[in-house]
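# Model the structure of this input:
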Amino acid sequence: MKEDEMNPNIKLEIAVEIIARKIANASKEGLTTDDEEMQKLLREREKMYTGDKETIDKIVNVYGPEIKKKFEEG
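Next comes the predicted model:
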């Protein structure tokens, strides 16, 4: 199934998992809510939860491959 054919609810669920991992990784690297990168991720998470399609697409298409690469590297 192509990404553009994906059910929007499933896509949102995938985005939720990806952004959670992205935030967790940033936290493990020592970032706090005072850091701009963490604030950006938290803003994107909020936009995702409001159903912002562009943000959901970014999370799935940009952050998804980043998370996959980190996972494969161990």
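# can you list the residues that contact stretch 43-54?
Contacts of stretch 43-54 with the rest of the structure, by Cβ atoms under 8 Å, 6 or more residues apart in numbering, involve 12, 15-16, 19, 23, 55-56, 58-59. (Glycine included, C-beta is placed from N, CA and C.)
# Go again with 10 Å.
Contact with stretch 43-54 is made by 8, 11-12, 15-16, 18-20, 22-23, 55-56, 58-60, 63, as judged by Cβ atoms under 10 Å, 6 or more residues apart in numbering.
# And the furthest pair within those?
Farthest apart among the contacts of stretch 43-54 by Cβ to Cβ are 8 and 23. That separation is 22.1 Å.
# Settle it for me: which of those two has more neighbours?
residue 23 (16 against 10; other Cβ atoms under 10 Å).
# Near residue 27, how many other residues are there?
14.
# so what's it up against?
Contacts of residue 27 by Cβ under 10 Å, 6+ apart are 33, 35, 38, 41.
# Most neighbours of all the contacts of stretch 43-54, which one?
Counting by other Cβ under 10 Å, top hit in the contacts of stretch 43-54: residue 59 with 26 neighbours.
# contacting residues for that one?
Taking Cβ under 10 Å, 6+ apart as the test, what residue 59 contacts is 11-12, 14-19, 22, 41, 44-45, 47-48, 52, 67.
# Sort out for me which of those are in strands.
If you go by DSSP state E, the contacts of residue 59 have nothing in strands.
# quick one: which of these is nearest to residue 73?
Distance to residue 73, by Cβ to Cβ, is smallest for residue 67 among the contacts of residue 59, at 10.9 Å.
# Quick check: the gap between the closest one and residue 59.
Remark: distance between residue 67 and residue 59 (Cβ to Cβ, to the nearest Å) = 10 Å.
# got any residues that touch both of those two?
17-19, 22.
# Might you list the low-confidence residue ranges for this protein?
Low-confidence segments of the chain (pLDDT under 70): 1-4.
# what's near enough to touch the spatially most central residue of it?
Closest to where the C-alpha atoms of the chain average out (Cα atoms, centre = their mean) is residue 19, at 2.7 Å. Residues counted as contacts of residue 19 (Cβ under 10 Å, 6+ apart) are 41-42, 44-45, 48-49, 55-56, 58-60, 63-64, 67.
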